[in-house]
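Undergrad: How does the following fold in three dimensions:
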Amino acid sequence: MAVVALSVVERRLDAVRAVLSGAPVTEVARGVGVSRQSVHTWVARYLSGGVAGLADRSSRPAVSPSRAPDVVEAAVAELRREHPRWGAKRIRLELLRADPPWHPGEGLAVAAVPSTATINRILLRHGLVKPRPRKRPRSSFVRFERPGPMQLWGIDIVGGIELVDPVTGVLREAKIVTGVDDHSRYCVMAAVVERATGRAVCLAFAQALAAHGVPEEVITDNGKQFTARFAKGGEALFDKICRNNAITHRLTAPASPNQNGKVERFHGTFRPEISEQGPFVSVDQAQEAVDVWVAHYNAERPHQGLDEKVPVMPADRFAPAAAPAVLPLWLPPSLEVAPHLVEEVGVVGDAGDAPAPVPATSAAPVRVRGSGDAVELDKVVPVSGNMTVGGQQVWLGPDRSGQVVRVWADCDWVHLSIGAQRIKSVRSRLSVNDLDALAARGARPAGDPPAATRVRPRDGVVEAERTIARAGTISLGSHVIHVADSLAGRRVGIWIEDDAPLVFFDPTTRTILRTRTSPLAAGEQHTIRWTQPAGERPRPDTEPVTVQRRASATGVIVVARQRVSLGRAHAGATVTVRVAEGTLAIELPDGETRVERRINDNAVRSIKGQRPRIAHTLNPLGEASSTS
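TA: A predicted model of the protein is given here:
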């Protein structure tokens, strides 16, 4: 016999018919598996609405007091249709700025503005937004913001604006050099350029400095317009402007635009809206449209990143830097800014002359072309450490890459100084024409050559830095000292003191790495090249020393001259031992950690558990021989 499944309405109809035919309600309810009240409800619905009344009904209340009135929904939907790029936060801020189009008595007790979540639900009900999956929570991002304006500018280059040739109709893309203040999100510059060359970028930067003042720091990516970090050598013009105006230039990590996120987010708003107004006939026409958009963005447009609850414009939190009282703005002679900006902010050129008239008695020395007089200039050491001065190469080493070197050069000598300390002198191979070419590129007339600045410490203690060779050795004067094979290729500092061992330490943390007997005679450290006055005395490392040991055939290891028996079960096994001041933590192969108390204070002399052994082979006669 086939089993027929009845629908919900059919089962309810059978129960109602049974009750109307005289069956007790209790028995009918027990048979159906519901309460007596449910059976009475079904009977009432059947008598009032027939079979259709037995269908399921919505449990939603007829009235929702907390739901936004229709007039509010209409206003929110209308704003979204007028501005398709506005989200819930922007719509709420705009409603807070202006009087809402509803009043008390129109479904609201007060003229309240709905929350961001309510506006989101309204937009979803009307189909004005598309539901998207949840993204990474905001709390997981590390955000930073400077406490005041003019402390950090984020600068970048963006495309997306099109120019059209009115004759041929050919489209070409222009670039925009943008800058945003980190604290206020104020757009400090937005300059349209045909090509984003280094000169065009620096000109836009110079105009922003002249208009708003000099910030404390700027952050950019690693583009060649901003830095020569990945170039073969030299210094970018942008870096030179920052250095001469005491601006700290920060660089993001490669392929990390999130580290300059505020200006990148600015591009997300700026680029789509400005591209809709194009294409433009000329750069000037595009610049006019950009200036109008930036003025509205700074003064009239509430920024959601400043305050989500109260409308705050970038201009409300921005204040330009005060005019410098002592140091005027430095700009290279090849860049010209608008005359009215020069009058507002003092600008000096490469020679350092202020705009005000300078008495003849204090004028800078004048160099005569062809005289062969010495010149001075500043250069940045390239990554390779091989610097070029007028065609002559001078080796300083990769460890000095990025440092600014003052170069004094004539036809006899080339002196290099860092921080008023002469670090190297070489014979000059520059001709008179080479010196004239350096002067034409901005080199200054030089005075007397820098004096030697070798400092003899009073207490006989000096420091030196060396890179340990592959054999684990370093050179101090005429002495070759073996430090440690495990430190090969590492940069170490050396503490040199009379009648004391040599102390090798980490230059960054100043923790002791090794100590060795000093072969130097008393006072000989003052004759060693590349030494400097001693700093803070190196200190022992408080962290445990990690070593490896191989257990013997009886399961015994030796660490710092202390024998520890692990048992024959671990014979031949290699274990890791963490040597602390009072304990030995031994990590066994089975995953357990065994802790032994130290019974001496001997130093650890061997790190690796296995040393290279001699390989035994058989010669043609079948006898055993060894080869190293």
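Undergrad: Nearest residue to residue 400 in space, ignoring adjacent ones along the chain?
TA: Nearest residue to residue 400 in three dimensions, chain neighbours excluded: residue 381, at 4.7 Å (Cβ to Cβ, 6 or more residues apart in numbering). Placement of C-beta: from N, CA and C, glycine included.
Undergrad: quick one, helices of the stretch 401-550 of the chain?
TA: Listed in chain order, the helices of the stretch 401-550 of the chain (DSSP state H, counting those that start in this stretch) span 432-440.
Undergrad: Do you have the strands of it handy? List them.
TA: Using DSSP state E, counting those that start in this stretch, the strands of the stretch 401-550 of the chain run over 404-409, 413-418, 421-427, 444-445, 462-467, 473-476, 479-482, 491-496, 502-505, 512-516, 531-533, 545-550.
Undergrad: so can I have a markdown table of these showing mean pLDDT?
TA: Below are the strands of the stretch 401-550 of the chain laid out as a markdown table (pLDDT from 0 to 100):
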| stretch | mean pLDDT |
| --- | --- |
| strand 404-409 | 89 |
| strand 413-418 | 90 |
| strand 421-427 | 86 |
| strand 444-445 | 88 |
| strand 462-467 | 90 |
| strand 473-476 | 91 |
| strand 479-482 | 92 |
| strand 491-496 | 92 |
| strand 502-505 | 91 |
| strand 512-516 | 87 |
| strand 531-533 | 82 |
| strand 545-550 | 88 |
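Undergrad: Can you lay out these as TSV showing distance to residue 225 and mean neighbour count?
TA: What follows is the strands of the stretch 401-550 of the chain, written out as TSV (distance: least, Cβ to Cβ, whole Å; neighbours: other Cβ atoms under 10 Å):
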stretch	distance to residue 225	mean neighbour count
strand 404-409	20	20
strand 413-418	27	19
strand 421-427	31	15
strand 444-445	26	17
strand 462-467	34	18
strand 473-476	41	17
strand 479-482	47	14
strand 491-496	32	20
strand 502-505	41	22
strand 512-516	42	17
strand 531-533	36	15
strand 545-550	46	16
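Undergrad: Nearest to residue 17, out of these?
TA: strand 545-550 (85.2 Å; Cβ to Cβ).
Undergrad: mind checking the longest strand of the protein?
TA: Counting residues, the longest strand found in the chain (DSSP state E) is strand 152-164.
Undergrad: quick one: the very next helix or strand once past that strand to strand 152-164, angle?
TA: Sequence-wise, the next helix or strand beyond strand 152-164 is strand 171-181, with elements assigned using DSSP states H and E. Put simply, strand 171-181 runs at 160 degrees to strand 152-164, going by axes from the mean of the first three to the mean of the last three Cα atoms, to 10 degrees.
Undergrad: Who are the packing partners of strand 171-181?
TA: Applying 3 or more Cβ pairs under 8 Å, 6 or more residues apart in numbering; DSSP states H and E, one finds that strand 171-181 contacts strand 152-164, strand 187-193, helix 198-212, helix 261-275, helix 283-299.
Undergrad: can we see that at 10 Å?
TA: Using 3 or more Cβ pairs under 10 Å, 6 or more residues apart in numbering; DSSP states H and E, the elements in contact with strand 171-181 are strand 152-164, strand 187-193, helix 198-212, helix 261-275, helix 283-299, helix 314-317.
Undergrad: Residue 437 is nearest to which of the ones you listed?
TA: Residue 437 sits nearest to helix 198-212 of all the helices and strands packed on strand 171-181, at 20.3 Å, using Cβ to Cβ.
Undergrad: List the buried residues of the closest one.
TA: Counting neighbours by 16 or more other Cβ atoms under 10 Å, one finds that the buried residues in helix 198-212 are 200-212.
Undergrad: With distance to residue 483 added, can I get those in a markdown table?
TA: Output for the buried residues of helix 198-212, formatted as a markdown table (distance: Cβ to Cβ, whole Å):
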| residue | distance to residue 483 |
| --- | --- |
| 200 | 52 |
| 201 | 47 |
| 202 | 47 |
| 203 | 52 |
| 204 | 52 |
| 205 | 47 |
| 206 | 51 |
| 207 | 55 |
| 208 | 51 |
| 209 | 49 |
| 210 | 54 |
| 211 | 56 |
| 212 | 53 |
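Undergrad: would JSON lines of those with pLDDT and distance to residue 518 be doable?
TA: Below are these laid out as JSON lines (pLDDT from 0 to 100; distance: Cβ to Cβ, whole Å):
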{"residue": "200", "pLDDT": "92", "distance to residue 518": "58"}
{"residue": "201", "pLDDT": "93", "distance to residue 518": "54"}
{"residue": "202", "pLDDT": "92", "distance to residue 518": "52"}
{"residue": "203", "pLDDT": "92", "distance to residue 518": "58"}
{"residue": "204", "pLDDT": "93", "distance to residue 518": "58"}
{"residue": "205", "pLDDT": "94", "distance to residue 518": "53"}
{"residue": "206", "pLDDT": "92", "distance to residue 518": "55"}
{"residue": "207", "pLDDT": "92", "distance to residue 518": "59"}
{"residue": "208", "pLDDT": "93", "distance to residue 518": "56"}
{"residue": "209", "pLDDT": "92", "distance to residue 518": "53"}
{"residue": "210", "pLDDT": "90", "distance to residue 518": "58"}
{"residue": "211", "pLDDT": "91", "distance to residue 518": "60"}
{"residue": "212", "pLDDT": "92", "distance to residue 518": "57"}
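Undergrad: Quickly name whichever of those residues is closest to residue 478.
TA: Distances from residue 478 to those, taken by Cβ to Cβ, are shortest for residue 202, at 49.9 Å.
Undergrad: list the contacts for the closest residue to that closest one other than its chain neighbours?
TA: Nearest residue to residue 202 in three dimensions, chain neighbours excluded: residue 237, at 4.9 Å (Cβ to Cβ, 6+ apart). Going by Cβ atoms under 10 Å, 6 or more residues apart in numbering, residue 237 touches 198-199, 201-203, 205-206, 225-226, 228, 332, 334-335.
Undergrad: can you rerun that using 8 Å?
TA: Applying Cβ atoms under 8 Å, 6 or more residues apart in numbering to residue 237 gives the contacts 198, 199, 202, 332.
Undergrad: The first one and residue 237, how far apart?
TA: Read it as residue 198. 6 Å (Cβ to Cβ, to the nearest Å).
Undergrad: ditto for the second one
TA: Between residue 199 and residue 237 the distance, using Cβ to Cβ, works out to 7 Å.
Undergrad: Great, nothing more from me.
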